[in-house]
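*Asks:* Okay, here's the prediction I keep looking at, along with the sequence it came from:
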Amino acid sequence: MPTPLRNHLITRSRNPADLLNAATRLFGGSIAASPLDELCGGDHELRGVAAHGFAVGYFVSPLDVRVVSAECRNRGSYFVNIGVSGAISASRGESCGDLRATLDEATAGIANPGDTQELRPLRSRKARFLGLRIDAVLVDQAFAALTGHPPVSTVRFDFALDLAKPKGRAVRLLFRSLLEQLDSGDPLFQHAELQRSQLRCLVTALLLAQPHSHTGELHDGPQPGYPRSLRAALAFIEANLAEHISLGGIADAAGCSPRTLSSAFRGRLGLSPMSYVRNLRLDRIREDILASTDPIGTIAYRWGVTHLGRFAGEYRDRFAELPSDTAARR
């Protein structure tokens, strides 16, 4: 494989601090990287491209590092690390010992929002690897495109992805295609929408190829077994989403107390009833903004929003952009 991102050199230095600072800039502050041991000498190189919704870097360094992926409400990023040559001993988890894998050309590692990783180059310490950052909102959108609804809680991928198996090979092929597009000198391939289209394909492949916390919904449909009260609550929310909805109203429709209802939502769906209502309402508004030429305020009011200022902030928290940014792309 030729050197990836050959025309996108960010830093080449014998000072490892230059590499750490450049990585933080490339990934937009979505990571915090620190050395595991004393800063070591050697050659440190980073090539990279940052675009809307993602960033990709090509790393050459003997440095052992700890990387923490930021997580902020519904924002945050996923990271996919793939070896180019050599190998890296990698671990993921709160104590960085929960999950371990050796990352190379046949095995990739996936970090979820909020995860901590430790990466240690092996063999001659000349490991070269690619790191891809993906906005969490893109994973949510791809999941919704596959299932017809957004995930009710954060999609959390298993750590090691086998690139030698057919599904893993498809992910690797799409990753390489994205790199070739970024390396191309043809202005057509620098068009933002073409890049986003390629990234959407890659994210969709990840969701279908790698086991994760919501895999069952993709392959088997929605999981059965919700208690009757929760099913009644979800049906009530769906039928009345454009109206004013209160916790008490949902509880009455479900035939249980607000406390029991909240416990069921948090236990089965991972969030409160009103957070579920807010997220579903925001998703429907986003769909309408992209599909309609109606003013944003009109669409928001149509879905039960009464405070446009608060709505704009909640929309930005969920989708990492303002409603006006979404409207500008339609």
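*Replies:* Received, thanks.
*Asks:* drop to CA atoms for contacts and neighbour counts, all remaining ones
*Replies:* OK.
*Asks:* Would you check that residue 273 makes contact with residue 267?
*Replies:* No - checked against C-alpha atoms under 8 Å, the pair residue 273 and residue 267 is beyond contact range at 11.1 Å.
*Asks:* okay, these two: which has more neighbours?
*Replies:* Neighbours of residue 273 and residue 267, each counted by other C-alpha atoms under 10 Å, are more numerous for residue 273; the result is 24 against 11.
*Asks:* The more buried one and residue 261: what is the separation?
*Replies:* In this structure, residue 273 and residue 261 are 8 Å apart, going by C-alpha to C-alpha, to the nearest Å.
*Asks:* likewise residue 198?
*Replies:* Noted for residue 198: a distance of 41 Å to residue 261, by C-alpha to C-alpha.
*Asks:* neighbour count winner among these two?
*Replies:* Each of residue 198 and residue 261 had its neighbours counted (other C-alpha under 10 Å), and the higher figure belongs to residue 261 (23 against 16).
*Asks:* Need the three-state assignment for the more buried one.
*Replies:* Judged by DSSP: H, G, I helix; E, B strand; the rest coil, the three-state class of residue 261 is helix.
*Asks:* Quick one: neighbours of the residue nearest to it when sequence neighbours are not counted, just the number.
*Replies:* In this structure, residue 261 finds its nearest non-sequential neighbour in residue 251, 6.2 Å apart by C-alpha to C-alpha, 6 or more residues apart in numbering. Other residues within reach of residue 251, judged by other C-alpha under 10 Å, total 22.
*Asks:* So residue 251 is in contact with residue 234, correct?
*Replies:* No - between residue 251 and residue 234 no contact is recorded; they are 10.6 Å apart, counting by C-alpha under 8 Å.
*Asks:* and for the two, which residues touch both?
*Replies:* In the contact map built from C-alpha atoms under 8 Å, 6 or more residues apart in numbering, no residue is linked to both residue 251 and residue 234.
*Asks:* from the chain's centre, how far out does stretch 80-92 sit?
*Replies:* For stretch 80-92, the separation from the chain centroid amounts to 19 Å (computed by C-alpha atoms, centre = their mean, to the nearest Å).
*Asks:* Look up how far residue 47 lies from residue 27.
*Replies:* As for residue 27, its distance to residue 47 is 12 Å (criterion: C-alpha to C-alpha).
*Asks:* mind listing what the residue sitting furthest away from the middle of the chain touches?
*Replies:* Among the residues of the chain, the one whose C-alpha is farthest from the average of all C-alpha positions is residue 255, by C-alpha atoms, centre = their mean at 36.3 Å. For residue 255, the contacting residues are residue 229, taking C-alpha under 8 Å, 6+ apart as the criterion.
*Asks:* ok, now with 10 Å
*Replies:* The contact partners of residue 255, by C-alpha atoms under 10 Å, 6 or more residues apart in numbering, come to 228-230, 232-233, 249, 261.
*Asks:* And residue 261, by the same measure?
*Replies:* Residue 261 makes contact with 229-230, 233, 247-248, 250-252, 254-255, 267, 272-273, according to C-alpha under 10 Å, 6+ apart.
*Asks:* In helices only, show me those.
*Replies:* 229-230, 233, 247-248, 250-252, 254, 267, 273 (DSSP state H).
*Asks:* Can you flag the buried ones in those?
*Replies:* By the neighbour-count criterion of 16 or more other C-alpha atoms under 10 Å, the ones in helices among the contacts of residue 261 include these buried positions: 229-230, 233, 247, 250-252, 254, 273.
*Asks:* what bits of the stretch 51-200 of the chain have low per-residue confidence?
*Replies:* Applying pLDDT under 70 to the stretch 51-200 of the chain flags the ranges 70-75, 94-98, 123-125, 148, 189.
*Asks:* where do the strands sit along it?
*Replies:* If you assign secondary structure with DSSP state E, counting those that start in this stretch, the strands in the stretch 51-200 of the chain sit at 54-60, 65-69, 71-72, 75-85, 88-92, 99-103, 107-111, 116-121, 128-135, 160-162.
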